[in-house]
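> Fold the following.
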Amino acid sequence: MAVVPPVPPTRRTAFAEGAERLRAAATTEPGRLRVLGAVLALLVLAFGAVTAWQTSARSAAADDVLHRSQPLSAGAAGIYRSLADANTAASTGYLAGGQETPDSRDRYEKDIRTAAAGLVTAAANAEPGSASEATIARLNQLLPEYKGLIERARTYNRQGYPVGGAYLRYANEKMQKQMLPAAEDLYSTENRRLTGDYGDATPYPWAAIALGVLALAALGRAQHRMYRRTNRVLNHGLVAASAATTVALLWLVVGHAFARSGLDDSYEHGIRSLNVLHDARIASLKARGNENLSLVSRGAETVTVGGTSYDAYYHDFDKDMAVLGKGLTEAARLADDREGTDPVKAAETDMAVWKQRHAAARAEDEHGNYQQALDKVIGAKGATGECFDGVDRSLVRAIGHEQAEFRQAAGDGRDAMTGLPAGAAVLAVLGAAGAVAGIGRRLSEYR
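Residues are numbered from 1 along each chain as shown. Predicted structure coming up:
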């Protein structure tokens, strides 16, 4: 009969043996104290780590709002505005014929340079392969084409050839149908990036807050346990740990509340007003361009609305002025002080006079009095150009004021979280050390 060898006992893993020793230790008071100390230290350290992580992310997003996404959004709006203003300056210079003023020419050249510089900045900050990069490349391709058309229009205009007007209208069509829509897409993309940074900077750090409350509750429970077993009211280590955790939690809640308030204020009283003012300024530039082009085309471009034919540029002028009027009304509503309200009111006054003078110029044009209409549009005194310049200057003032308000509020919001990530980490380490020291003090009584 074969002898079956005995089966050797199964050897337990190191993890199983460690777990067994831990369970055995936990049945004694010193063992339970060691487990309690480890749990308290881990909770406080976890609170500090999560606080540092979440506040670092929010502080970085707030800094992006102030120094990256908002400047890029404003830069994209500046590209759009410079292109629209260049188009307006080109049409104004064309109407002057051979008497184009140096100021008009310089304004056009400055706008082109500003748009080109803005595209360089936007390209440097665009993500490779993104839609923004493709849009910027498209604008960089169209800009020299547009400049070439304008120069041809000027050349033929100086020589007295009517074909110059056709080149100017072609350049305007390229600007209105290709370049400005592309610039608007870039502006919208940068605005979405700005909105995303606000979304990253303002949410409450609920995970860190929850861990802080849990750590305080555990520390309080541990102190109550000590009191029941020893009749000692205070354990200095646990009190120190509780104090450090409380300070970190209060700093987190109060600091983030101030940061959120500043960022919300920068959006409500800065970004919203800036968006409205940028749109209003662009509408005024487009209106001025269409007003000039209506005299350049002399009725060559028409549009049919409800069965009635209208001059296309006059029709677009009316639409642009309606947008400008609504924008100024909204900007006045959003302005929260006189420095913001006064320039908007001044722009509304200039717009009202502009509409009156434009109506007079249009009447002259429709009655065949071209020179009188031209004088009322680009004349030296009493022309619509004076009103347009007044609107533009007022909007520049309003934009500058709202930009300053944004920087102040956003800067305050970002500064409210200064030092919080590092401070929370240091306090967490001190709190964990206090918890370990407090439990260690109690353990020493068993030796």
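
> May I see the buried residues of the longest helix anywhere in the chain?
The residue-count maximum for a helix in the chain (DSSP state H) belongs to helix 29-64. By neighbour count with 16 or more other CB atoms under 10 Å, helix 29-64 contains the buried residues 31, 33-34, 36-37, 40-41, 43-48, 50-56, 58-64. Bear in mind the C-beta positions are built from the backbone N, C-alpha and C, glycine included.

> So which elements touch that helix?
helix 14-26, helix 180-201, helix 206-230, helix 236-266, helix 384-415, helix 420-443 (3 or more CB pairs under 8 Å, 6 or more residues apart in numbering; DSSP states H and E).

> closest one to Y167 among those?
With CB to CB as the measure, helix 180-201 is the member of those nearest Y167 (18.4 Å).

> Just list what that closest one packs against, helices and strands only.
Helices and strands touching helix 180-201, by 3+ CB pairs under 8 Å, 6+ apart, are helix 29-64, helix 70-95, helix 131-158, helix 236-266.

> any idea which of these is most buried?
Among those, helix 70-95 has the highest mean neighbour count (mean count of other CB atoms under 10 Å), at a mean of 25.

> averaged over its residues, what pLDDT does it have?
Averaged across helix 70-95, pLDDT comes to 89.

> Find the nearest non-adjacent residue to A437, please.
Once flanking residues are discounted, A437 sits nearest to G237: 3.8 Å by CB to CB, 6 or more residues apart in numbering.

> State the pLDDT value of that neighbour.
pLDDT at G237 comes out at 85.

> Tell me the spacing between it and A259.
G237 sits 32 Å away from A259, going by CB to CB, to the nearest Å.

> sorry, back to before: what about the helices and strands packed on helix 29-64, which gets the closest to L295?
Proximity to L295 (CB to CB) singles out helix 384-415 among the helices and strands packed on helix 29-64, at 10.8 Å.

> so where do the strands sit in the stretch 251-400 of the chain?
Residue ranges of the strands in the stretch 251-400 of the chain, as given by DSSP state E, counting those that start in this stretch, are 302-305, 308-311.

> contacting residues for the spatially closest residue to I439 that is not a sequence neighbour?
With sequence-adjacent residues excluded and distances taken as CB to CB, 6+ apart, I439 is closest to G37, at 3.3 Å. Contacts of G37 were listed using CB atoms under 8 Å, 6 or more residues apart in numbering, and they are A435, V436, G438, I439, G440.

> likewise L293?
Counting by CB under 8 Å, 6+ apart, L293 touches S91, L168, R169, N172, E301, Y313.

> Of those, which pair is most distant in space?
Checked with CB to CB, the contacts of L293 reach their widest spread between S91 and E301, with 13.0 Å between them.

> in this structure, which residue is closest to the centre?
By CA atoms, centre = their mean, the chain has its centre lying nearest to L194, at 2.9 Å.

> so it sits right up against I271, yeah?
Yes: contact criterion CB atoms under 8 Å: L194 and I271 qualify, at 7.1 Å.

> what's the overlap in contacts for those two?
Common contact partners of L194 and I271 (CB under 8 Å, 6+ apart): Q70.

> Low-confidence ranges, the stretch 251-400 of the chain, go.
Where the stretch 251-400 of the chain drops to pLDDT under 70, the residues are 299-310.

> got the residue ranges for the helices in it?
Ranges of helices in the stretch 251-400 of the chain, per DSSP state H, counting those that start in this stretch, are 272-297, 312-334, 338-366, 370-378, 384-415.

> Comparing those, which comes out most buried?
Each of the helices of the stretch 251-400 of the chain was scored by mean neighbour count; the highest is helix 272-297, a mean of 25, by mean count of other CB under 10 Å.

> how many degrees apart are that helix and helix 384-415 in direction?
160 degrees (axes from the mean of the first three to the mean of the last three CA atoms, to 10 degrees).

> I'd like the distance from helix 272-297 to the chain centre, please.
Counting by CA atoms, centre = their mean, to the nearest Å, helix 272-297 is centred 23 Å from the centre of its parent chain.

> quick check: angle from that helix to helix 338-366?
The directions of helix 272-297 and helix 338-366 differ by 20 degrees, with the same axes, to 10 degrees as the criterion.

> Numbering from 426 from now on, please.
Taking 426 as the first residue, the last one we looked at is helix 697-722.

> any idea how far L593 is from Y586?
Relative to L593, and taking CB to CB, Y586 is found at 12 Å.

> which of those two has more neighbours?
Between Y586 and L593, counted using other CB atoms under 10 Å, the more crowded position is L593 (27 against 13).

> Leaving out the residues flanking it, which one is nearest to Y595?
Nearest to Y595 is L574, by CB to CB, 6+ apart, at 5.7 Å.

> Would you agree the one you found is in contact with A591?
No: between L574 and A591 there is no contact under CB under 8 Å: 9.9 Å.

> and stretch 604-615, which residues are buried?
M604, L605, A607, A608, E609, D610, L611, Y612, T614, E615.

> Show me what that stretch is in contact with.
494, 497-498, 500-502, 504-505, 508-509, 547, 556-557, 560-561, 563-564, 567-568, 571.
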